[in-house]
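Colleague: here is a sequence together with a model predicted from it:
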Amino acid sequence: MAELELSNVSKRYGGLLVVPDISLSVGDGEFVALVGPSGCGKSTTLRMIAGLEEISGGTISINGRVVNDLEPDERGIAMVFQSYALYPHMSVAKNMSFALRVAGRPREEIDSRVNEAARILGLTEFLNRRPAALSGGQRQRVAMGRAIVRRPDVFLFDEPLSNLDAKLRVQMRTEIKRIHQNVGATTIYVTHDQIEAMTLADRVVVMNNGRIEQVGTPAEVYASPATSFVAEFIGMPPMNLVGADVEGDALVLDGGTRLPLPETLRTLPASHDKVLLGLRPEDIAPAGHGLDMAAPWSLDVPVSISEPLGAETLLFFELAGKEWTARMLSPRPVAPGERLSFNFDLSKLHVFDAADGARIN
Amino acid sequence: MASTRTINRALRGPIFDYIMIGPAVVLFSVFIVWPAIQTLYTSLFAEPTKGGAFIGLGNYREMMGDPVFWIALRNNLIFILANLVLQVGLGTVLAAILDRGIRRGSTLMRTIIFAPLVIAPVAIGVMWKMILEPNFGLLRQLADGIGLPFPTQGILGDPYLAFPAIIGVGVWNYVGFMMTIMLAAMQGISKDVYEAARIDGASAVQTFISITLPGVRYALVLCGLIVIVGSFKTFELVYVLTAGGPGNATQVLGTYIVESAFLVFQPNYAAGMSVIVLLVAILFGSLQVYNRESKVKT
Amino acid sequence: MKTGICRISAAAILGTALLGPAVAQAQTQITYMDLGPERIAFNEEIVRQFEAANPDIKVNYIWQANEPYKTGIKVMLDSNSPPDVFFNWAGTTVFDFVDAGVVRDLSESETRGDGWTRDMPMSITDQFRNPEGLWGIPTRIYTKAFWKNDSFFADNGLEAPETFDELLGLCSKVREIDPQMTPIAFGASESWTINHYLTVLFQRHVDPARIAADHRLQGDAEALYTDPGYLEALKDFQEMVDADCFNAGINSVTPEVSRAMFASDLAAMTFCGSWCPPQFDEQGFEGRYSPFHFPAIEGAGGVQDGILVGASGYQISAASKYPEESMRFLSFMNEPEQQALMVEMVGQLPANGSMVPEDLLGAANTRLLQMIAESSVSSPPLNTVMETTVSDVTLKSGQDLVNGTITPEDFMQRVRDAAVKAARP
């Protein structure tokens, strides 16, 4: 198993700086998810680790060995592609054994490793099939099997579940987690889907515009997002964010609504009179329909849309020129236009600098 | 309303299918099938200068004993083999280089290699005849310039060099076409698959053999069949460059048929040879169709 | 501008469509196919004159170059619309077409005494005759001689050779004088040029009656082409090749290039037809060359003062819709006045020279006609008189002989095999 270290890694295509400067340490056996919107540089970073893209600056080392100038196959990595990238004319067994055959490993070793991987992935009965004769989920497993048989130090996943339908995606997610627990290899997992990142990873790296916004456990990035970008990107439905001014002991939302400044925020530095306030939907609920709140503040507003999800209902309303989302735990029918009294748990407020989005509280 | 429905049914039914393929069938019959039958019929009769009586397979028997027919057939077979190796093989390698190897100037390279294809075969023949001219031709001047000996009979006049020269000109002419087909097929192979192979540690040659070749095998078979049928029917290039000479050294069936029919005035014997060419062409043509069908199935 | 052109062409198309049928009805159209391109100007003039005299007949003139013509005319005659009047060389192909039934008997015109018969030498007309009829009308004759570069010969004190051995000696002398100079320019990429050498060499070595009988496949098939003179002739030819008389790459040099070599002072001699002087002149070689006889071969059993002479002329296809009009055109262009015009415009030897003033003929042609008159026997080229399949073998084997891939013995064996096969009923 292995540790992976990226220090001051950058990537430049001609004059275009795609990844300016990334540093990241991944511990042995750790599962790290790179998450961010498309074009944020997460795939480029992964491909640099794999050796499919040249590194323009900085160093990448695996187990303390700098791999910048090593060919992909010399780095001790294995990669699972979004498109699976299976060899279409080879059987499942041939696909999985290709790397070992290229390396000239003895036949018994190849067979035993392929059979073992097939057993772990439930592919034993498909070993002689061609990829074209497999379902999407099975192809995904073959792609993973191809990685597993190589016994790599580091597993790299590039959006591996994006081509699957929603139900299969959830299943495969669990599968990947199980395999990681079985195999225990260091894993870098690129996804644009924050739920995948949150459910799978030990640590989540949120990226935007080629930069790392925050590195932390799923709980950390969720509970205390380091930037307004992370706040908005992590969590479904996303956090409500609204501009506000700090005026003495009050927060004045855009449009004039005044909120009392909660105790926890009394220490706000005076320089930040223009801020972004964030409150997650679960911290807003109609009176009597949410969890207990430490510092509730109430407002009567008409509901514009209600989305019953079964166990809970999402309620949308207008405030300060924005559409807000609230979460009602014990559902009851709500008609559009019905006025409800919403409780806001101001103790859960997230406050960000309006200018650079950095967390203040 | 009722009439609309009737028309619709007609548009869906088998009658409509026949109407749609009708013109093609008629044209095919008039311009391919009927001449073929006529050719077969003609081949069963003696030459007009020898009375034109029905002689059954007499022309075919004569063919078996005609050394020039065998020279022509042998040359056709050599042409097929050489073109398979040089046109398809070289075309595939060039395509692989352009597809995977060269980043800069690949469009220019592709254009240069493809360019000869748009020149008419007759113009190509005339051009190469000038280049190969043994007294003043470009090649002679080059050979003199670097002090190399030049074959006494020139190249197209030498019985051992003329046919290889024709093959060379043919390769120069068609390799770009083969390369283009192969390149199109190679570009259909996903980039991810190549990256996967790279991660799996495959070398450039291993990648070519294990990924590229299997990925383009239908295109490869297609090219092979095009070359086989084309080489079997070849005419213009040989006719313009050597007209089958010197002697009969570069005779192929195409030139020998034309010569027999129009220079020696043996149209019936020529018809017999045409039937042989037609049979072989049909054989390979059906293989081509079979190849296409098996591709559709997978 | 563009719309203007469109409108004009639209009007033209409409006009043609309306007038077309009327014009076609008013005129008889005959197609006339000849060799090109050297005869284009003359043919256009003849067609103009004929159409002026015969406003009801339109002549559609087409042409092909020498080598493609040989194939082209056969394709055309095999098609549904053969040319009405077409060029052909006297010899086997004339009678091949007779056997195939695609040409018309012109005896009637001769009996009637049409314009072309005036002053026409019977011996030349006979080249188109067989017992069944007259199948063509001669228009010109051609001959072949050696030509020498006069100034090169004069500067180096060389003389035209009288004997074959002198010719061989001359080859080495020329090489000694100037290694860059080819003694005899020779292009055999079209193998009939070899055949012309062989025609004269056979004539020198074999009795003319024997040659004629062999060509007509007369007598015992096994005895055809067995005269030892044939073999001697081929050996003499090979001796010329071995004596380095010719330029490099004989088999890949075209006849045109060989003529250009001679006319550009790159060769001391060339063996070339009566059609060659205009091409020499075109290269600015006018007046600097003269012909001499193919030398005699000492001790050979044939004719030592013979020469190659062939005739060519025109035939009318059997399928012609307008045989009368075609005959009228053919007769018109072969009348002595038009023959004189041909000499003036094309510079070729006329079949009928009665109206040609001597100064019009030019020095070269005048000398060639003298040479024909000096000769006791004139033989048409082999490929025009041999049976077609035998001729084909002879043509092909000539190139093999030049290449040294076959021996003279192999050559004659092939000819004999072909003759035996062709003689079979």
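Modeller: Structure's in. What do you need?

Colleague: which residues of chain B lie near chain C?
Modeller: By CB under 8 Å from any CB of the partner chain, the residues of chain B that approach chain C are B:48-50, B:129, B:132-136, B:140, B:150-159, B:242-249, B:258-259, B:261-267. (C-beta placed from N, C-alpha, C; glycine too.)

Colleague: could you rerun that using 7 Å?
Modeller: Proximity of chain B to chain C is confined to B:48-49, B:132-135, B:150, B:152-159, B:245-248, B:258, B:262-265 under the rule CB under 7 Å from any CB of the partner chain.

Colleague: can you say which of the residues you listed are buried?
Modeller: B:48-49, B:132-135, B:150, B:152-159, B:245-248, B:258, B:262-265 (16 or more other CB atoms under 10 Å in any protein chain shown).

Colleague: residues near C:E298, how many?
Modeller: 11 (other CB atoms under 10 Å in any protein chain shown).

Colleague: enumerate every residue touching it.
Modeller: C:T163, C:D165 (CB atoms under 7 Å, 6 or more residues apart in numbering or on different chains).

Colleague: go on, A:V102?
Modeller: By CB under 7 Å, 6+ apart, A:V102 lies in contact with B:D200, B:G201, B:A202, B:Q206.

Colleague: now, of those residues, which are buried?
Modeller: Buried, going by 16+ other CB under 10 Å: B:D200, B:G201, B:A202, out of the contacts of A:V102.

Colleague: what's downstream of the helix ranked longest in chain A, the next helix or strand?
Modeller: Ranked by residue count under DSSP state H, the longest helix found in chain A is helix A:166-183. Sequence-wise, the next helix or strand downstream of helix A:166-183 (DSSP states H and E) is strand A:186-191.

Colleague: what's the helix or strand just after that following strand in contact with?
Modeller: Next helix or strand after strand A:186-191 toward the C-terminus (DSSP H and E): helix A:194-200. Helix A:194-200 is contacted from outside by A:31, A:33, A:35, A:161, A:173, A:176-177, A:189, A:191, A:204, A:218, A:233-234, A:236, using CB under 7 Å, 6+ apart.

Colleague: let's see that with 6 Å instead.
Modeller: Where contact means CB atoms under 6 Å, 6 or more residues apart in numbering or on different chains, the residues beyond helix A:194-200 that reach it are A:A33, A:V35, A:K177, A:T191, A:V204, A:P218, A:I234.

Colleague: which residues touch the fourth one?
Modeller: Residues counted as contacts of A:T191 (CB under 6 Å, 6+ apart) are A:V35, A:E159, A:A197.

Colleague: tabulate the residues you listed (TSV), appending pLDDT and distance to B:I181.
Modeller: Output for these, formatted as TSV (pLDDT from 0 to 100; distance: CB to CB, whole Å):
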residue	pLDDT	distance to B:I181
A:V35	94	43
A:E159	91	33
A:A197	91	44
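
Colleague: now, among those, which is nearest to B:L225?
Modeller: Nearest to B:L225 among those: A:E159, at 40.6 Å, using CB to CB.

Colleague: could you find the closest non-adjacent residue to that closest one?
Modeller: Distances taken as CB to CB, 6 or more residues apart in numbering or on different chains place A:Q82 nearest to A:E159, at 4.1 Å, with adjacent residues excluded.

Colleague: is the one you found in a helix, a strand, or coil?
Modeller: Assigned by DSSP: H, G, I helix; E, B strand; the rest coil, the conformation of A:Q82 is coil.

Colleague: A:L349: neighbouring residues, count only.
Modeller: Neighbourhood size, A:L349 [other CB under 10 Å]: 23.

Colleague: what's the pLDDT at it?
Modeller: For A:L349, the pLDDT comes out at 89.

Colleague: need the contact list for it.
Modeller: A:L349 neighbours (CB under 6 Å, 6+ apart): A:L277, A:L279.

Colleague: and it, how far from A:L261?
Modeller: Noted for A:L349: a distance of 9 Å to A:L261, by CB to CB, to the nearest Å.

Colleague: what of B:A270?
Modeller: 105 Å.

Colleague: with C:F42 instead?
Modeller: Taking CB to CB, one finds C:F42 at 114 Å from A:L261.

Colleague: neighbour count winner among those two?
Modeller: C:F42 (20 against 17).

Colleague: without its sequence neighbours, what residue ends up closest to the more buried one?
Modeller: With sequence-adjacent residues excluded and distances taken as CB to CB, 6+ apart, C:F42 is closest to C:M345, at 4.1 Å.

Colleague: tell me how many other residues surround that neighbour.
Modeller: By other CB under 10 Å, 17 other residues sit near C:M345.

Colleague: I'd say it and C:E44 touch.
Modeller: No. Between C:M345 and C:E44 there is no contact, the gap being 9.8 Å when judged by CB atoms under 6 Å.

Colleague: determine the longest helix present in chain B.
Modeller: Longest helix in chain B, counting residues (DSSP H): helix B:267-297.

Colleague: centre of the chain to it, how far?
Modeller: Taking CA atoms, centre = their mean, to the nearest Å, one finds the center of helix B:267-297 at 12 Å from the center of the full chain.

Colleague: repeat that for stretch A:66-86.
Modeller: Centroid separation for stretch A:66-86 versus its chain: 21 Å, with CA atoms, centre = their mean.

Colleague: what strand or helix carries A:L314?
Modeller: Per DSSP H and E, A:L314 falls inside strand A:313-319.

Colleague: still on that earlier bit, ok, and which of the contacts of A:V102 reach chain A?
Modeller: B:D200, B:G201, B:A202, B:Q206 (CB under 6 Å from any CB of the partner chain).

Colleague: report the rounded mean pLDDT for the strand holding A:L314.
Modeller: Here strand A:313-319 scores 91 as its mean pLDDT.

Colleague: and the pLDDT at C:Q49?
Modeller: Reported pLDDT for C:Q49: 94.

Colleague: my read is that C:I307 contacts C:P380, right?
Modeller: No. Checked against CB under 6 Å, the pair C:I307 and C:P380 is beyond contact range at 10.8 Å.

Colleague: for chain C, what are the low-confidence residue spans?
Modeller: Along chain C, the model assigns pLDDT under 70 to residues C:1-26, C:425.

Colleague: quick check: residues of it near chain B?
Modeller: Close to chain B, as judged by CB under 6 Å from any CB, chain C has residues C:71, C:74-75, C:96, C:99-100, C:247-249, C:251-252, C:388-389, C:392, C:396, C:399-400, C:403, C:405.

Colleague: so which of those residues belong to helices?
Modeller: Among the residues of chain C next to chain B, the ones falling in helices (DSSP H) are C:71, C:74-75, C:96, C:99-100, C:388-389, C:392, C:396, C:399-400, C:403.

Colleague: restricted to buried residues, select these in PyMOL.
Modeller: Buried subset of these, written as a PyMOL selection, criterion 16+ other CB under 10 Å:
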select buried, chain C and resi 71+74+96+100+388+389+392+396+399+400+403
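
Colleague: okay if I get the ones in helices among the residues of chain C next to chain B as a markdown table plus distance to chain A?
Modeller: Compiled in a markdown table, those are given as follows (distance: CB to the nearest CB, whole Å):
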| residue | distance to chain A |
| --- | --- |
| C:T71 | 50 |
| C:K74 | 53 |
| C:V75 | 50 |
| C:D96 | 60 |
| C:D99 | 62 |
| C:A100 | 59 |
| C:T388 | 57 |
| C:T389 | 55 |
| C:D392 | 53 |
| C:K396 | 51 |
| C:Q399 | 51 |
| C:D400 | 51 |
| C:N403 | 50 |
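
Colleague: any chance of the ones in helices among the residues of chain C next to chain B in TSV, with distance to B:G170 too?
Modeller: Converted to TSV, these look like this (distance: CB to CB, whole Å):
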residue	distance to B:G170
C:T71	22
C:K74	27
C:V75	25
C:D96	34
C:D99	38
C:A100	35
C:T388	31
C:T389	30
C:D392	26
C:K396	23
C:Q399	22
C:D400	24
C:N403	22
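
Colleague: for the ones in helices among the residues of chain C next to chain B, which one is nearest B:G58?
Modeller: C:T389 (15.4 Å).

Colleague: and the strand or helix carrying B:F177, which residues are buried?
Modeller: Using DSSP H and E, B:F177 maps to helix B:162-187. For helix B:162-187, the neighbour count (16+ other CB under 10 Å) marks B:162-163, B:165-183, B:185-186 as buried.
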